[in-house]
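Engineer: Using only what follows, build the 3D model:
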Amino acid sequence: MRIDSEDLPRQLAKGLGSLYVVHGEALLLAIEAADAIRVAAREAGYSEREVIIAEQHFKWAELRNSAQSMSLFATRKIIDLRIPSGKPGIDGAQALQEHCENLNPDTLSIISLPQLDSATLKSKWFSTLEQHGIVVNANEVPLAALPMWLAARLKRQGQTADEDTLAFLAQRVEGNLLAAFQEIQKLALLFPEGPLSFEQVKDAVMDVARFDVYKLSEAMLSGDAERYARILDGLRAEGTATVLILWTIAEDIRTLAKVSRAIQHSGNLANALRDARVWGIRQKLVERAVRRFSPAFAERALRKAALIDKLIKGLRHGDVWDELLQLGIKCARTGIK
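Structural biologist: Numbers count the residues shown, from 1 in each chain. Modelled structure (predicted):
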């Protein structure tokens, strides 16, 4: 059975299957689809989860062992199998077919794959997955359909925009769903629920000032405290919303906390970055920063961010900009000799 990622919520509402296969070129939609399945599974009582990453030299017996084993404290389990290459090989193809033939009603399997070519889609192992499970296609949204997609995303956060505004926004993000997702989140931070005017959206999206919040994040992650201070001062002069600045910094700190804890547990930086969904240009910045961060420091920084949030909401007294300055500089300088 094949469905589009946008149809997944309706399918999950009808009840959980035992096997889901998520693949496609739209990384954002693939991530969201797998997240939605995991949430539904947890709500259905699947309290244990095992993540298996099938990279080069992976022993496929691990999949069989995982399917056959269960924690003493859990009655239902999620097997989260990820095949980054999309090529399981001969042993993997056989293991996947055997796995399909022995699905356990108390085990839910999620298999994540990248975009697959036509030959792979016709392979015996993939056909077996499709026969026994639900294949979720996470395909890119066509440019013509992007305004409707943006409208649906705005609706989730209680906002609306007219057709011209949606068309403008679609054109600005140039079909990049990750960029569109970031712009939608920005609009939720900057404006209250309700209709958005064209001018509000244009001003938010066209903000290409030299001192932008993402450059601030880059300065903090790279350990450049002086640059962080200069950019923050520029953002203050431009009247940038403090809630947007705090959200960006806090997201960085949460990522560093997650990666540093994972490294402390397993010692594997590559797997920790992958599990935290750190890719592309940002990966090098996080790699550099996490070498300075300890889990304990990250937790203290997050508590500080929570206090700044109370300042922004008027629940505490103090200078929000000074607190943002101190937090960013401490994060930039931590661990630097």
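
Engineer: Could you check how far stretch 173-183 is from the centre of its chain?
Structural biologist: 14 Å (CA atoms, centre = their mean, to the nearest Å).

Engineer: List the buried residues of that stretch.
Structural biologist: Buried residues in stretch 173-183, counted by 16 or more other CB atoms under 10 Å: V173, L177, A180, F181, E183. Every residue, glycine included, has its C-beta placed from N, CA and C.

Engineer: So which of those are in helices?
Structural biologist: Using DSSP state H, the subset of those located in helices is V173, L177, A180, F181, E183.

Engineer: Need the max-distance pair from those.
Structural biologist: The largest separation in these, counting by CB to CB, is between L177 and E183 at 10.6 Å.

Engineer: sorry, back to before: which single one of the buried residues of stretch 173-183 is nearest to I134?
Structural biologist: L177 (21.8 Å).

Engineer: Enumerate every residue touching that closest one.
Structural biologist: A26, L27, L28, L29, E140, V141 (CB atoms under 8 Å, 6 or more residues apart in numbering).

Engineer: In which helix or strand does the fourth one reside?
Structural biologist: When secondary structure is defined by DSSP states H and E, L29 falls within helix 27-43.

Engineer: mean confidence score for that helix?
Structural biologist: Helix 27-43 shows a mean pLDDT of 92.

Engineer: Now do that helix: which elements does it pack against?
Structural biologist: Identification of packing neighbours for helix 27-43 by 3 or more CB pairs under 8 Å, 6 or more residues apart in numbering; DSSP states H and E yields helix 8-13, strand 19-23, strand 77-82, strand 107-112, helix 177-190.

Engineer: Mind telling me which of these the model trusts least?
Structural biologist: Comparing the helices and strands packed on helix 27-43 by mean pLDDT, the weakest confidence falls on helix 177-190, with a mean of 85.

Engineer: Mind exporting the C-alpha coordinates of that one to CSV?
Structural biologist: What follows is helix 177-190, C-alpha atoms only, in CSV (Å, rounded to 0.1, in the frame of the first residue of the first chain):
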residue,chain,number,x,y,z
LEU,A,177,10.4,23.0,1.8
LEU,A,178,13.0,23.4,4.5
ALA,A,179,13.2,27.1,3.7
ALA,A,180,9.4,27.3,3.6
PHE,A,181,9.2,25.6,7.0
GLN,A,182,11.6,28.1,8.5
GLU,A,183,9.7,31.0,7.1
ILE,A,184,6.4,29.7,8.4
GLN,A,185,7.9,29.2,11.9
LYS,A,186,9.3,32.8,11.7
LEU,A,187,5.8,34.1,11.0
ALA,A,188,4.4,32.3,14.0
LEU,A,189,7.1,33.9,16.2
LEU,A,190,6.7,37.4,14.8
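
Engineer: immediately after it, which helix or strand?
Structural biologist: Trace forward from helix 177-190 with DSSP H and E and the next one is strand 194-195.
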